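>>> Fold the following and give me the result.
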Amino acid sequence: AGGSFWDGVGHYHSHTPQYKYEYIKRVYRNSMKF
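This is a model prediction of the structure:
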(Lines give C-alpha, C1' and ligand atoms only; values in the text may rest on other atoms or scores of the structure.)
Protein backbone atom coordinates (compact mmCIF):
# COMPACT_ATOMS: atom_id res chain seq x y z
CA ALA A 1 0.00 0.00 0.00
CA GLY A 2 1.19 3.47 -0.78
CA GLY A 3 -0.11 6.98 -0.41
CA SER A 4 -1.26 8.99 2.54
CA PHE A 5 -3.49 8.02 5.42
CA TRP A 6 -6.15 10.53 4.32
CA ASP A 7 -6.11 9.24 0.75
CA GLY A 8 -6.77 5.78 2.16
CA VAL A 9 -9.66 7.10 4.23
CA GLY A 10 -11.15 8.70 1.12
CA HIS A 11 -10.70 5.59 -0.99
CA TYR A 12 -12.46 3.53 1.68
CA HIS A 13 -15.59 5.61 1.01
CA SER A 14 -15.33 6.27 -2.75
CA HIS A 15 -12.81 6.39 -5.57
CA THR A 16 -14.72 9.35 -7.07
CA PRO A 17 -12.79 12.49 -6.05
CA GLN A 18 -15.91 14.58 -5.36
CA TYR A 19 -17.26 12.08 -2.83
CA LYS A 20 -13.86 11.04 -1.54
CA TYR A 21 -12.87 14.57 -0.50
CA GLU A 22 -16.22 15.30 1.14
CA TYR A 23 -15.82 12.12 3.21
CA ILE A 24 -12.23 13.05 4.14
CA LYS A 25 -13.44 16.45 5.36
CA ARG A 26 -16.16 14.86 7.51
CA VAL A 27 -13.78 12.31 9.03
CA TYR A 28 -11.15 14.98 9.68
CA ARG A 29 -13.63 17.31 11.39
CA ASN A 30 -14.89 14.46 13.56
CA SER A 31 -11.35 13.39 14.45
CA MET A 32 -10.64 16.89 15.78
CA LYS A 33 -13.35 16.37 18.42
CA PHE A 34 -11.24 13.74 20.21
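>>> So, low pLDDT: which residues of this structure?
1 (pLDDT under 70).
>>> now the helices for it?
With helices called from DSSP state H, the chain shows them at 5-13, 17-31.
>>> Just send these back as TSV, with mean neighbour count too.
Backbone N, C-alpha and C define where each C-beta goes, glycine included. Shown next, in TSV, are the helices of the chain (neighbours: other Cβ atoms under 10 Å):
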stretch	mean neighbour count
helix 5-13	14
helix 17-31	13
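>>> Surely Lys20 touches His11?
Yes. Using Cβ atoms under 8 Å, Lys20 is in contact with His11, at 6.6 Å.
>>> Next, find the distance separating Arg29 from His13.
14 Å (Cβ to Cβ, to the nearest Å).
>>> Nearest residue to Val27 in space, please, no chain neighbours.
In space, and not counting its chain neighbours, Val27 is closest to Val9: 5.4 Å by Cβ to Cβ, 6 or more residues apart in numbering.
>>> can you tell me which residues contact that neighbour?
Tyr23, Ile24, Val27 (Cβ atoms under 8 Å, 6 or more residues apart in numbering).
>>> and which of these is nearest to Ser4?
Nearest to Ser4 among those, counting by Cβ to Cβ, is Ile24 at 10.0 Å.
>>> could you list every residue that touches that closest one?
So Ile24 contacts Trp6, Val9, Gly10 (Cβ under 8 Å, 6+ apart).
>>> Make a markdown table from these and add distance to Lys33 to it.
As requested, those are exported to a markdown table (distance: Cβ to Cβ, whole Å):
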| residue | distance to Lys33 |
| --- | --- |
| Trp6 | 17 |
| Val9 | 16 |
| Gly10 | 19 |
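>>> Closest one of those to Phe34?
Val9 (14.9 Å).
>>> For that closest one, give its distance to Arg26.
From Val9 to Arg26 the distance is 10 Å (Cβ to Cβ).
>>> That'll do, ta.
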